[in-house]
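Asker: Quick check, what structure comes out for this input:
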Amino acid sequence: MKSVFLGPQELVGVDLGSHAVKIVWLVAGDKTCRLKGWAHAPLQFKADASPEEKKMVTARLVKDSFSRAGIRPRSVAVSVSGNAVIVRYVSVPKIAPRDLPLMLPAEAEPFIPFDIKDVQLGCHILGESVEEGQKKMQIALVAARSELISERMEVFRAADISPLVIDVDAFTLETIYERMGGSHSGAVVMLNIGHKLTNLAIMENGVTRVARDILIAGSSFTKTVSKNLGIEAAKAEDIKRQVGIKDLAKTLPPSGQDTLSVVQSDQASAIIADIARDLAGEVRRSVDFYLSQGPDRAVSKAYITGGSSGMPNLASFLSGELKVPVEQFNPLSIITGSDAPPVPPEVAPSLTVAAGLALRRLWDWQ
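Answerer: Residues are numbered from 1 along each chain as shown. This next block holds a predicted model:
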């Protein structure tokens, strides 16, 4: 009856990335989580494709991916990210939760760098406090450009699919981490290193306290290697995934390998290390901001995931830069059974956002 009147509780997570479409369908109980279907389909556009053509190509790929994965089109959860999405943590006067949407535009306007008429607003109450004798609510405030939401919805309408939940990429990391049962004495940094963006979430006691997107990600490594070595992007991508970050002081030319390829791989490794150092610098900025919010705050660990997180030695390199243990994690480690084909190990990390979305339920925000 609940499903009839309120809609389906079970949603399929669909992550429309800049590089690929990712789909995950989960059936999750209190102690079980069954994988019913999944898809990972690279996006390929013509060099001169218009925005409208890209939209239609994406819609067809979404529809075809559902079909190939044996998932009938159903209600889905989707997400947004990038510079058209703003997340702020603010205090507002305490009112009844049902009245919050009415006063949200006026309270949000000082924190949003867009015209308030051009955004879609959402919020989540984190807690209550008393400031200067006044009762306040701490909320996570999200503003997304209406244009971005409309473009995303048009893709799904063209694919005959109905999104019922729109989340933020960084918040899906909290959802998947909570399901993993993760807990540490200090805060945890989660990094989803995608193709064009790295989603960052700093979580304290299971609640995201800092969320942002970093414009250093997989394509940053590939493009820089390609440009500096004068090689095609496809070859640079292969070198990035095969070489990663080497300890050049300990590197010896493999037996039978030509000198040019050894030199080239060493150069690529040094380039990748420089980009990873820049990424770590951005992460440190966010960590410093988090630490500045209170004297008892500390970060105990970091996790990396996403399609670009599997570069050799990236986790250990970031650990040295951030001065905390860094570990790559597999979002599908929550799976207790499967009715779907096995997910290749190299693909699993790229399904993190889709898996986090697949764990959402209608009305779970209440």
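
Asker: what are the ranges of the helices in the stretch 101-250 of the chain?
Answerer: For the stretch 101-250 of the chain, the helices defined by DSSP state H, counting those that start in this stretch occupy 146-158, 169-180, 218-229, 233-243.

Asker: Checking my notes, Ile86 in a strand, right?
Answerer: Yes: read with DSSP: H, G, I helix; E, B strand; the rest coil, Ile86 is one of the residues of a strand.

Asker: what's near enough to touch it?
Answerer: Counting by C-beta atoms under 8 Å, 6 or more residues apart in numbering, Ile86 makes contact with 111-114, 119, 142-144. C-beta here means a position set from N, CA and C on the backbone, and glycine is covered the same way.

Asker: In ChimeraX, how would I select just the buried ones from those?
Answerer: Those of those that count as buried under 16 or more other C-beta atoms under 10 Å are selected in ChimeraX with:
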select :112,119,142,143,144
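
Asker: so can I have JSON lines of the contacts of Ile86 showing distance to Phe221 and pLDDT?
Answerer: Shown next, in JSON lines, are those (distance: C-beta to C-beta, whole Å; pLDDT from 0 to 100):
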{"residue": "Phe111", "distance to Phe221": "33", "pLDDT": "89"}
{"residue": "Ile112", "distance to Phe221": "32", "pLDDT": "90"}
{"residue": "Pro113", "distance to Phe221": "29", "pLDDT": "91"}
{"residue": "Phe114", "distance to Phe221": "31", "pLDDT": "92"}
{"residue": "Val119", "distance to Phe221": "32", "pLDDT": "95"}
{"residue": "Val142", "distance to Phe221": "29", "pLDDT": "95"}
{"residue": "Ala143", "distance to Phe221": "30", "pLDDT": "95"}
{"residue": "Ala144", "distance to Phe221": "28", "pLDDT": "96"}
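
Asker: can you put the contacts of Ile86 in a markdown table and add distance to Val90?
Answerer: A markdown table is the format used below for these (distance: C-beta to C-beta, whole Å):
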| residue | distance to Val90 |
| --- | --- |
| Phe111 | 6 |
| Ile112 | 10 |
| Pro113 | 14 |
| Phe114 | 16 |
| Val119 | 15 |
| Val142 | 11 |
| Ala143 | 11 |
| Ala144 | 16 |
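
Asker: any idea which of the contacts of Ile86 is the one closest to Ser316?
Answerer: Minimum distance to Ser316 across the contacts of Ile86 is 33.9 Å, recorded for Val142 (C-beta to C-beta).

Asker: In space, what's closest to that closest one - neighbours in sequence excluded?
Answerer: Nearest in space to Val142, with sequence neighbours left out and distances taken as C-beta to C-beta, 6 or more residues apart in numbering, is Gly122 at 4.6 Å.

Asker: Tell me the buried residues in the longest helix seen in the chain?
Answerer: In the chain, ranked by residue count with DSSP state H as the criterion, the top helix is helix 259-291. Neighbour counts over helix 259-291 (16+ other C-beta under 10 Å) mark 264-265, 267-269, 271-273, 275-276, 279-280, 282-283, 286-287, 290 as buried.

Asker: tilt between it and helix 233-243?
Answerer: Interaxial angle, helix 259-291 versus helix 233-243 (axes from the mean of the first three to the mean of the last three C-alpha atoms, to 10 degrees): 80 degrees.

Asker: For helix 259-291, name the packing helices and strands.
Answerer: Helices and strands touching helix 259-291, by 3 or more C-beta pairs under 8 Å, 6 or more residues apart in numbering; DSSP states H and E, are strand 187-193, strand 198-204, strand 207-214, helix 218-229, helix 233-243, strand 299-305, helix 314-322.

Asker: from the chain's centre, how far out does it sit?
Answerer: From the chain centre to the centre of helix 259-291 is a distance of 20 Å (C-alpha atoms, centre = their mean, to the nearest Å).

Asker: got the angle between that helix and strand 207-214?
Answerer: Going by the same axes, to 10 degrees, helix 259-291 is angled at 140 degrees with respect to strand 207-214.

Asker: follow-up on the earlier one: could you report the pLDDT at the residue nearest to Val142?
Answerer: You'll see Gly122 listed with a pLDDT of 92.

Asker: quick one: contacts for it?
Answerer: 141-144 are the contacts of Gly122 under C-beta under 8 Å, 6+ apart.

Asker: swap in Ile216?
Answerer: Applying C-beta under 8 Å, 6+ apart, we find Ile216 in contact with 198, 275, 278-279, 282.
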